[in-house]
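1. Sharing a model that was predicted from the sequence below.
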Amino acid sequence: MAQMARDDTKGRRSIGRAVSKALAVVALGGLLAACQADELGYGPKHLRPVSAEVKRAMARLDMDKTSPIMLRIFKEESELEVWKQTKSGRFALLETFEICKWSGKLGPKFKEGDRQAPEGFYEITPALMNPNSSYHLAFNLGFPNRFDQAHDRTGSHLMVHGACSSRGCYAMTDAQVQDIYALARDSFRGGQRSFQVQAFPFRMTAENMARHRDNEHFEFWQMLKRGYDHFEVTKVPPKIEVCEKRYVFDATPLVEGVPFRARAKCPAYDIPDSIEVAVARKQQQDAEQFEQIVLAEARAEKRRAQLAALFGGGTDDDETQADAAGNGAQDGPAQGATATATADQSAPAAQPGPATQTAFAPERDSGGGFFGRLFSGFGGGDAQAAAEGAGDPNAPRPAVKPQ
């Protein structure tokens with residue numbers, strides 16, 4: 001009996017050891033699964049560090065791991081830029097990613113279901129980050145923002161995400177959104193409460209504005225360009241306010257505590273003189289370049305019309321003959337105009353009407369600040385009228401028209 005008891009005890013111990021081993025194997029398997037690598041790294045995807053390439057770029061540009069970030073999106077160029085604060089306090093371009101897909105066309109989003117990717121200025125808070133997205137990783141743009149709401153625009157779940165698939169979103173590859181998400185996460189850890197996303201139809205240059213001057217969204221893009229210019233001259237994300245259904249940048253109410261309300265009249269406000277003057281200078285330079293481009297296109301159209309009348313068609317050979325005979329336009333392209341605007345015979349004709357007016361007249365300073373005292377407006381007048389007198393170098397310039 002004693003022997004049987006000993007054998008029974010030994011058997012139970014043997015079974016216990018077998019069960020323990022099995023449980024250990026299961027636990028180890030679970031641990032290995034949790035640490036299993038995929039093509040983008042180890043561990044939970046939302047906790048992974050930025051790529052080695054981005055780390056090297058941050059070190060080269062004198063950036064802390066947790067310093068603030070800002071994003072700029074350009075639809076036409078299909079590019080997403082990540083800007084990050086350096087130890088100087090200004091922002092520098094850290095990385096440019098090619099957008100995998102965006103849906104719709106150039107122009108803002110208006111309503112739910114139109115499959116348009118938004119344009120405008122958006123603030124991304126930690127609550128808008130989605131570590132469990134079915135599109136690898138994602139963050140919500142927060143559409144509609146105050147400006148969108150003031151214009152009764154509707155839509156939801158507008159994201160920047162991975163998986164390279166878009167229905168109104170900006171879609172990146174999984175590897176790209178992995179880095180973008182990690183940079184945003186680290187900036188929140190460093191104390192940034194929200195980061196700004198500036199979404200534009202294209203790079204807001206004078207050339208691009210002139211090329212799209214007849215678009216139905218041109219006036220909206222002029223407003224976006226002002227915010228673009230604020231960042232261009234300061235390399236610091238502008239403070240965004242909305243009043244009278246429009247964006248206002250880097251504005252401080254003259255009466256403390258008076259709020260900006262999206263649908264209400266703007267309160268009297270001021271913009272720091274250094275920013276106001278720098279933006280005004282940039283907008284004036286762009287306005288002059290815009291006008292030169294429009295004039296150059298008007299000259300090219302006039303030359304084509306002359307050739308068509310003389311030769312029944314405007315071929316390059318005919319144009320050469322006309323110039324040799326003194327029948328072509330005698331004056332060259334406007335100083336500073338782009339070469340393609342004058343040499344390219346397929347350039348579109350300048351269209352009459354308000355859209356051909358100089359594009360970048362400055363916003364009036366409601367607060368009567370330095371800029372309001374210094375300038376009451378600048379920029380060219382009617383470009384078509386100027387084009388009609390372009391052949392006469394002594395022709396008077398058109399009168400300035402405040403926008």
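-> Yep, it's here.
2. Averaged pLDDT, stretch 265-275. What do you get?
-> Per-residue pLDDT over stretch 265-275 has a mean of 97.
3. residues near residue 64, how many?
-> The tally of other residues near residue 64 (other C-beta atoms under 10 Å) stands at 14. Any C-beta I mention is one placed from the backbone N, CA and C, and that applies to glycine too.
4. same check, this time on the one 4 residues further on
-> Applying the criterion other C-beta under 10 Å, we find 22 residues in the vicinity of residue 68.
5. The one 4 residues further on too?
-> The local packing count at residue 72 equals 20, with neighbours defined by other C-beta under 10 Å.
6. What residue, apart from its backbone neighbours, is nearest it spatially?
-> For residue 72, the nearest residue in space outside its immediate sequence neighbours is residue 81; the separation is 4.4 Å by C-beta to C-beta, 6 or more residues apart in numbering.
7. got a list of contacts for the helix or strand in which that neighbour is found?
-> When secondary structure is defined using DSSP states H and E, the element that contains residue 81 is strand 79-85. Applying C-beta atoms under 8 Å, 6 or more residues apart in numbering, the set of residues contacting strand 79-85 from outside is 58, 61, 63-64, 67-74, 91-99, 160, 170, 172, 176, 179-180, 183, 187.
8. 7 Å instead?
-> By C-beta atoms under 7 Å, 6 or more residues apart in numbering, the residues outside strand 79-85 that reach it are 58, 63, 67-73, 91-99, 170, 172, 180, 183.
9. in its sheet, what does that strand sit against?
-> Counting by DSSP bridges, the strands paired with strand 79-85 are strand 69-74 (antiparallel), strand 91-98 (antiparallel).
10. and residue 141, what does it touch?
-> Taking C-beta under 7 Å, 6+ apart as the contact definition, residue 141 lies against 118, 122, 158, 159, 160, 197.
11. re earlier: give me whichever of the strands paired with strand 79-85 is most buried.
-> Highest mean neighbour count among the strands paired with strand 79-85 (mean count of other C-beta atoms under 10 Å): strand 69-74, with a mean of 23.
12. give me phi/psi at the closest residue to residue 114 other than its chain neighbours?
-> What sits nearest to residue 114 in space, not counting adjacent residues and going by C-beta to C-beta, 6+ apart, is residue 104, at 7.0 Å. Main-chain dihedrals, residue 104, degrees, to the nearest 10: phi 90, psi -150.
13. could the contacts of residue 141 be laid out in CSV, adding distance to residue 306 and neighbour count?
-> Formatted as CSV, these follow (distance: C-beta to C-beta, whole Å; neighbours: other C-beta atoms under 10 Å):
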residue, distance to residue 306, neighbour count
118, 45, 25
122, 49, 27
158, 50, 20
159, 53, 23
160, 51, 30
197, 49, 23
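14. Next step: the residues you listed restricted to helices.
-> When these are checked against helices (DSSP state H), there are no matches.
15. Let me know the closest of the residues you listed to residue 231.
-> Checking those against residue 231 by C-beta to C-beta gives residue 197 as the nearest, at 12.1 Å.
16. I figured the closest one hits residue 122, correct?
-> Yes. Distance between residue 197 and residue 122: 4.5 Å, which falls inside the contact criterion (C-beta atoms under 7 Å).
17. follow-up on the earlier one: buried residues in the strand holding residue 81?
-> Counting neighbours by 16 or more other C-beta atoms under 10 Å, one finds that the buried residues in strand 79-85 are 80, 81, 82, 83, 84, 85.
18. any idea which of those residues is the one closest to residue 193?
-> Within the buried residues of strand 79-85, the smallest distance to residue 193 is 13.8 Å, found for residue 85 (C-beta to C-beta).
19. Residue 169: how many residues sit nearby?
-> Neighbours around residue 169, by other C-beta under 10 Å: 23.
20. Nearest residue to it in space, ignoring adjacent ones along the chain?
-> By the measure of C-beta to C-beta, 6+ apart, the closest residue to residue 169 outside its immediate chain neighbours is residue 159, 4.5 Å from it.
21. Beta-bridge partners for the one you found, please?
-> Bridge pairing for residue 159 (DSSP bridges) gives the partners residue 140.
22. re the thing from before, quick check, pLDDT for the residue nearest to residue 114.
-> According to the model's per-residue confidence, residue 104 sits at a pLDDT of 93.
23. Pull the number of nearby residues for it.
-> 17.
24. do the same with residue 129
-> Counted by other C-beta under 10 Å, the residues lying close to residue 129 total 17.
25. Could you list the low-confidence segments of the stretch 251-400 of the chain?
-> Applying pLDDT under 70 to the stretch 251-400 of the chain flags residues 313-400.
26. repeat that with 80
-> Counting by pLDDT under 80, the ranges of the stretch 251-400 of the chain that qualify are 312-400.
27. Dihedrals phi and psi, the nearest residue to residue 109 once chain neighbours are set aside?
-> The spatially closest residue to residue 109, leaving aside those adjacent along the chain, is residue 116, at 4.0 Å (C-beta to C-beta, 6+ apart). Per-residue torsions, residue 116: phi -90, psi 140 (degrees, to the nearest 10).
28. Would you state the strands of the stretch 201-350 of the chain in chain order?
-> Read by DSSP state E, counting those that start in this stretch, the stretch 201-350 of the chain holds these strands, from start to end of the chain: 240-243, 246-249, 252-253, 269-270.
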